[in-house]
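I'd like to go over a predicted model; first the sequence, then the structure.
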Amino acid sequence: MIFLACGKTSLLDVITCRDHGGKIKSGQIKINGKPSTHQLVKKCIAHVRQDDRLLPNLTVKETLLFVAKLRLPKTFSDSQREKRVENVIAELRLRQCANTRVGNEYIRGVSGGERRRVSIGVQLLWNPGILILDEPTSGLDSFTAHNLVITLSRLARGNRLVLLSVHQPRSDIFQLFDLVLLMTSGTTIYSGTARDMVQYFTEIGYPCPKYSNPADFYVDLTSIDKQSKEKEMESQKRARSLATLFWEKVKDSDDFLWKANEGACVTTVHSEQSSLFTPEEVINMHAHSTDQLPGGLKQFTVLLSRQISSNFRDLSTLLIHGSEALLMSLLIGFLYYGHEKSKLSIQDTIALLFMIGALIPFTVLLDVISKCHSERAMLYHDLEDGMYSVTPYFFAKILGELPEHCAFVIIYGVPIYWLANLSPEPEHFLLNFLAVWLVVFCARAMALWFAALFPTLQMSAFFGNTLFTTFFMSGGFVVSLENLWLVPLWISKLSFVRWSYESLMQIQFTELTYQMTVGNVTFQIPGKLVIQAMNLDSYPLYASYLILIGIGTGFMLLYYLSLRFIKQKSNQDW
Amino acid sequence: MMQPTEMERSGGGSRAEERISVVIPHNSVSVHGISYTVRERVGLWWDIPSYHKKYTRQILKDVSFHIESGQIMAILGNSGSGKTTLLDAISGRLRQKGNFFGDVYMNGQELKKEQFQDCFSYVQQNDTLLGYLTIQESLTYTALLALQKHSNDFIKKKVDAVMAELSLSHVATNVIGSRIFRGISGGERRRVSIAAQLLQDPKVMLLDEPTTGLDCMTANQIVLLLSELARKDRIVIITIHQPRSELFRLFDKIAIMSFGELVFCGDPPEMITFFSDCNYACPDQSNPFDFYVDLTSVDTQSKERELETYRRVHRITSAYKNSEIFRKTLEAIERTKRTKDLPAIPFKSKDSPSAVSKLWILLRRTTRNFSRDKTGIIMRLSQNLFFGLFLALFLLRLKNDLLKGALQDRVGLIYQCVSAPPYIGMLNAVALFPPLRAVSDHESKDGLYQKWQIVLAYILHFLPFSIISVAMFSTFIYWTVGMNPDVSRFGCFFAVVLVPHIIGELLTLVLLGVVQNPNVVNSGVMLLNVAGVLVGSGLVRRTEDMPTPFKVLSYLTFQKYSSEVLAVNEFYGLNFTCGGSNVSPGASCVFPQGIQFIETTFPDAMSRFTTDFLMLYAFLPALVILAIVSFKIRDIIIVR
């Protein structure tokens, strides 16, 4: 177990191959003698970071259970997994809030310290070969902090490497460390066993006063005091001289660890320390826990159930999306109310059919984009950790959205159909419903793609809106198709709004006859004529459906590619 | 380096005591018998049977203590023991929900509800700061807001003094940073938060975990600094996690909380004797803080341990309640209540400027903050134009031949000009305003300004951006697609398109006031916009054909007015051709003249032109007022 102070987070980032913009100037990082790569890091390093990234609507226990299902090897049975989760909950003293929602800034949930422990629990669960924790004890009360470090040190005894960065270790915590790396402003002041640290500093002339915590004392000694210019200069000089001194002492050794000369202590260097520094020794990296992770299918089912339960729990979002659909539906339905005295005129029916396909996808588009952005932090964090791969997530995401999607389309499509008194044949209704289902699905897939493609919510939403507007304009209603010039004409072929419009029109008009009164004369106008006059019969009905399916699939494919190849960061400020 | 401070620390306690006996009369805060309970649901909403059950959770239970100026008090305890709630209770920030009993006295007088924020300064655990400002700017603006009546020189000196006191001078010109981009370090952020409070010279400072997340040196410096602040005749109360043992003697009072109860509260020597008397003497080499906190916490790892530790805590608590220390505390509270000649309640120095100058300062601060966000500015300015580009791509040039879609194109264009700008405005507000809102939630609690003032400042801030952005959009689209080539009509077009864009932002602000989650606001504004276009614009369905309720509703939508004005503006005096020659006025040639289209689609729109225009502009002040009201409501609904 290693403890660090000052300059820590960057070092941990470098070890886990998460350099944010910076470049490693020199030196190399080796894990078990192999140069560290992303794959290797993913396989054996668990990194608990300072910020918590969890799904807010799951309870603590569910969160851990899903991780257990994803990250524990196949050989574990369900009851074993549950037992492991129980153990972690007990270890981190989370029992009293096990059934509370995790929460976030907007959703009330567990307290900050508890959320932090859940994050640690997520990583503890899967028993990694190397566990890296960035300030795990900050924000915890001393009691829990102590327990946590004891847990960690027990883990380390089980042939594991635990790397922590700590700000202010209590003396009893400090005693649990094996190796200590003391840093200030990015340079090493001391690196060696914890018990030799006092001896080392005593040798170079800085004895630790009695009854004082050596960790605190030496961190104070080496930190740069910025209260005044002179103090800063002085402390900087001291730190630099200490760093050079240490370098002088260890530059000849092969592992750059300071060892006491008395001999007795040298033997206490543990094997897990060596793994970081000396390439010769290889420790068993828990082959079972890395190679036999649940397969893609298992990941998919777990992710799917996580997705669905997370969606279902999010009451406010569900209510908002539901009422959105209902409101739109009632609004359009009553606007084109077709039951009383006269049925809707041809003009109005045409407008209605276009609006059905054009308005709701627009609201869905923005909803889905903003939802994806709020989940994004967690998604890319999980992917980076290698908790699951893109493919299962992709399928789980698409399928997990379907129940909500279907409910949404039913709430939206059925009332309109009835209120506007469209063609009463059941098969017409079903075809109409299918077309609406498909067009909303296309919008959903497009939204998913845009959310994965652009870095910020604002950009995704804006470009989503722009593309949708082009689809809207090229739908054939606002501007008739024959008046479009070449480029928009091509775009119109991709416009799901257009295809929904065509198919809805064909369903409604092909078999119906309309009456139209001009002056005193009443004409019987067969619906087919209307369609012909508007040039909407160029493709048969089934072709529209196939094209809609094709467009939806195309967007999904693009979504998959974007997920796969574009690494987004979460950067929404709220 | 350690030696002098060590001596200073050991000397600190006794010196403070001396001073207390000399400096009379001094200020005091007494807390008497505070209890706080909330009703909570047992389960979550999807677990229906347990969701309907409610239970009463006791968060604070009969807490009393007394503290006098020059003293620093530390409240210790495990997470969930009610430390933060206690601070909230003292500062009068939680009275709105839950059941609260007990009294808080300042110099023996009970505080009125509105006096709390003028008396206590409260540094919350999470620092909410505007990310793009430098430390100096941030503090200067706060100082201006709090003490504007003083001269600029005074404020500059004050800010410099506070920065020097908190050793921030060397980073004064560094940008603070936010979650997205890195700025100053965590310790520096914390010190900026404390500095912001110090600017007002408060006599009572409450700090919620000022050291959490800081390295030990910084944490120590901050506690040392706070104790120095306390020595200057202030009262400082902090909650703290894992303080170091050297700090033990630094505090004048140490309180330990467990499950909402005060297990112990007294000065360090009392603490050691008390616990020794309870047969829990602190071993010489261990940190007394840690030892006592461990002693009073309940271990939930196993059932037996839980019972055992719980009994122990109970024993200590009752021992404390029966002790001399507790009796003295109660006596002190009674005494101050009875004493008549105590000084008046010491309020923070607050020469806050008039509402107008506050607004001006907030506007400057907002503008300065966003002016460093280069990509944000580019996005805000270019979005409308970019959208216009897409539109132009579609329409190329408007034609005059009805058979080539002269009418349809124009209607489509007007439809887009009415429906898209609000949406873009909404995107801007949702991206920019929530951080400002978070800051205002904090600062309005401190009484620096009202929440609606920051809304107003934000509105003033975005107006020029909106105007420029819409100007670029309308200039581009108007002349590119070739709308009615009359400069005054272009002016009218610009003036009309500007309004929906601003309305979009304003509407978002209105909702952001009462709805916490920006995603929900997103959906809400969009829904309102789409509904408005449907009902109001008359382009989707003629208003005449709609059922009566919708006709009435349409008068409430800004889309009605903007589309009417735009239609008249474009179509009036326009003559269309129909095919090559005027042979057969067929079905698509029903409107050979623009005016005919206006009369069928928007009857009487010609005569209402001016009224429509005025109505449209009337939406702006109305929504501004609504936004102000909404943020007034926010004062009530956002408790913390």
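Looks like it arrived, so ask away. Quantities reported herein were computed from a predicted structural model and do not represent experimental measurements. Numbering: from 1, shown residues only, chains lettered A, B, ... in the order given.

quick one, strands of chain B?
Applying DSSP state E to chain B gives strands spanning B:28-41, B:54-68, B:72-77, B:99-106, B:109-110, B:120-123, B:204-207, B:235-239, B:253-258, B:261-266.

by mean pLDDT, which helix or strand of the chain comes out lowest?
All of this refers to chain A. helix A:271-277 (a mean of 31; mean pLDDT, DSSP states H and E).

that's the wrong chain, I wanted chain B
Within chain B, no helix or strand scores below helix B:2-22, which has a mean of 42 by mean pLDDT, DSSP H and E.

where does the stretch 251-400 of chain A get nearest to chain B, residue-wise?
Of all residues in the stretch 251-400 of chain A, residue A:370 sits closest to chain B, with a separation of 4.4 Å (C-beta to the nearest C-beta). Any C-beta I mention is one placed from the backbone N, CA and C, and that applies to glycine too.

contacting residues for that residue?
A:457, A:461, B:518-519, B:522-523 (C-beta atoms under 8 Å, 6 or more residues apart in numbering or on different chains).

try residue B:155
Applying C-beta under 8 Å, 6+ apart to residue B:155 gives the contacts B:140, B:143-144, B:147-148.

surely residue B:169 and residue B:162 touch.
No: Residue B:169 lies out of contact with residue B:162 (C-beta atoms under 8 Å); the separation is 9.9 Å.

okay, those two: which has more neighbours?
residue B:162 (23 against 19; other C-beta atoms under 10 Å in any protein chain shown).

report the contact partners of that one.
With C-beta under 8 Å, 6+ apart, residue B:162 has these contacts: B:139, B:195, B:198-199.

restricted to helices, list those residues.
B:139, B:195, B:198 (DSSP state H).

quick one, the helix or strand where residue A:149 lies and strand B:72-77 angle?
Counting by DSSP states H and E, the element that carries residue A:149 is helix A:142-157. Orientation of helix A:142-157 against strand B:72-77 (axes from the mean of the first three to the mean of the last three C-alpha atoms, to 10 degrees) gives an angle of 50 degrees.

which elements pack onto helix A:142-157?
Secondary-structure packing of helix A:142-157 (3 or more C-beta pairs under 8 Å, 6 or more residues apart in numbering or on different chains; DSSP states H and E): helix A:112-125, strand A:130-134, strand A:161-165, helix A:171-174, helix B:288-295.

how far is the first one from where the chain is centred?
What that stands for is helix A:112-125. How far helix A:112-125 lies from its chain's middle: 17 Å, per C-alpha atoms, centre = their mean, to the nearest Å.

how about the last one?
Averaging C-alpha coordinates over helix B:288-295 and over its chain gives two centres that are 36 Å apart (C-alpha atoms, centre = their mean).

quick one: the strands of chain B as TSV, columns for mean pLDDT too.
Shown next, in TSV, are the strands of chain B (pLDDT from 0 to 100):
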stretch	mean pLDDT
strand B:28-41	82
strand B:54-68	83
strand B:72-77	88
strand B:99-106	82
strand B:109-110	82
strand B:120-123	86
strand B:204-207	89
strand B:235-239	90
strand B:253-258	88
strand B:261-266	87
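
count the residues that sit near the residue lying closest to residue B:145 once chain neighbours are set aside.
In this structure, residue B:145 finds its nearest non-sequential neighbour in residue B:448, 4.7 Å apart by C-beta to C-beta, 6 or more residues apart in numbering or on different chains. When counting by other C-beta under 10 Å, one arrives at 25 neighbours for residue B:448.

phi, psi of residue B:448?
Here is the backbone geometry of residue B:448 (degrees, to the nearest 10): phi -70, psi -40.

that's a strand at residue A:191, yeah?
Yes: under DSSP: H, G, I helix; E, B strand; the rest coil, residue A:191 sits within a strand.

what's across from it in the sheet?
For residue A:191, the beta-bridge partners are residue A:181 (DSSP bridges).

what parts of the stretch 501-640 of chain B come near chain A?
Applying C-beta under 8 Å from any C-beta of the partner chain, we find that the stretch 501-640 of chain B lies next to chain A at B:516-520, B:522-524, B:526-527, B:530-531, B:534-535, B:540-541, B:545-547, B:549-550.
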